[in-house]
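> Quick one, fold the following:
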Amino acid sequence: MQHTTTPDGVRIAYQVQGEGLPLVLLAGQANNHHWWDGVRDDFHADRSTLTLDYRGTGESDKPDIPYSTEVFAQDVIAVLDELGVDRADVYGTSMGGRVAQHLAARHPYRVRALVLGCTSPGGLHGVERANDVRRSLAQPQPCATRQALLDLMYSPAWLATHPGPYRTLGDPAMPAYAQRRHLAASNQHDAWHLLPGISAPTLVVHGSDDLLNPAANAPLLANRIPGARLHMIPGARHAYFEEFRAVASPLVLDFLTTVPHR
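Have a look, this model is predicted:
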């Protein structure tokens, strides 16, 4: 665990594992770097992986100030600067994919290749989750909400054979105010006008059965980003990268390997 301090004075924790070309892994909303624990080793054959705890999570500072996906992207740049990494591949899932959109659009010379997983362009063009899904996540009983989130993340068959612990349900130590700040940052994301300016080779990945971040967002992103590839994983829900890691990790690695070094 290492730390750097951003230009606005926030201390950000980051983690580096493995050796080789750097791959930045960006987690979902209100989650810390443990989001990637189940699959991180898949990328270490010839790559190092870099994660961070977003402000408000993990071992990073938790200021009670407005957050945004653009600010989270600036925090990633601060970590890359601290490490002396000029260019990296970036793989963002869920809200991490929203952060990755800002990285690739606003800092094109820092992103060699881009993978956007189970994410959305946001704004008026993004496809929002259905009202019944929203209601399931706003139940008064915490155990019911947790079960609803599990069902949106994983298939019943996977849950029956994987009793946990689950690393994708949020950082349990987050203060309530930071959870609200993360929710606002994700909800206010709108990168539609930025997407045509993304120049990094891009792969869009999504589970066909994702209701948390509806699968219809995937072709929107792929059609909006010049030259982007689209891959839908049949039967996968939001946490496709974990339940379908035997498909998703090789898919991502193969894509990154095909991108020429420049």
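> going forward, measure contacts and count neighbours with C-alpha atoms only.
Noted.
> can you give me the helices for this protein?
69-83, 95-106, 131-136, 142-153, 156-161, 176-187, 217-224, 240-243, 245-258 (DSSP state H).
> of all those helices, which gets the most neighbours per residue?
Across the helices of the chain, averaging neighbours per residue (mean count of other CA atoms under 10 Å) puts helix 95-106 on top, at a mean of 26.
> which helices and strands does that helix pack with?
For helix 95-106, the packing partners by 3 or more CA pairs under 8 Å, 6 or more residues apart in numbering; DSSP states H and E come out as strand 21-26, helix 69-83, strand 88-93, strand 111-117.
> Using CSV, lay out these together with distance to residue 236 and mean pLDDT.
Formatted as CSV, those follow (distance: least, CA to CA, whole Å; pLDDT from 0 to 100):
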stretch, distance to residue 236, mean pLDDT
strand 21-26, 19, 97
helix 69-83, 25, 98
strand 88-93, 14, 98
strand 111-117, 12, 98
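> do you know which of these lies nearest residue 143?
strand 88-93 (24.7 Å; CA to CA).
> quick one: the closest one to strand 111-117, angle?
In terms of direction (axes from the mean of the first three to the mean of the last three CA atoms, to 10 degrees), strand 88-93 departs from strand 111-117 by 10 degrees.
> tilt between strand 88-93 and helix 95-106?
Going by the same axes, to 10 degrees, strand 88-93 makes 140 degrees with helix 95-106.
> Now strand 88-93 - C-alpha only, PDB.
Below are the C-alpha coordinates for strand 88-93, written out as PDB (Å, rounded to 0.1, in the frame of the first residue of the first chain):
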ATOM      1  CA  ALA A  88      -0.800   2.700 -19.400                       C
ATOM      2  CA  ASP A  89      -3.600   0.400 -20.500                       C
ATOM      3  CA  VAL A  90      -6.900   1.200 -18.600                       C
ATOM      4  CA  TYR A  91      -9.600  -1.300 -17.700                       C
ATOM      5  CA  GLY A  92     -12.600   0.200 -16.000                       C
ATOM      6  CA  THR A  93     -15.800  -1.500 -14.900                       C
END
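> and it, which residues are buried?
Buried residues in strand 88-93, counted by 16 or more other CA atoms under 10 Å: 88-93.
> who does that strand touch, helix- and strand-wise?
Applying 3+ CA pairs under 8 Å, 6+ apart, one finds that strand 88-93 contacts strand 21-26, helix 95-106, strand 111-117.
> rewinding a little: of all the helices and strands packed on helix 95-106, which one comes closest to residue 256?
Of those, nearest to residue 256 by CA to CA is strand 111-117, at 6.7 Å.
> what pairs with that closest one, and is each one parallel or antiparallel?
Strand 111-117 has the following sheet partners, assigned by DSSP bridges: strand 88-93 (parallel), strand 202-207 (parallel).
> Between those, which one is closest to residue 192.
With CA to CA, the closest approach to residue 192 among those belongs to strand 202-207: 15.0 Å.
> one step back: would you reformat the helices of the chain as TSV and include distance to residue 7?
Listed next are these as TSV, based on distance: least, CA to CA, whole Å:
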stretch	distance to residue 7
helix 69-83	8
helix 95-106	17
helix 131-136	36
helix 142-153	35
helix 156-161	42
helix 176-187	19
helix 217-224	31
helix 240-243	33
helix 245-258	31
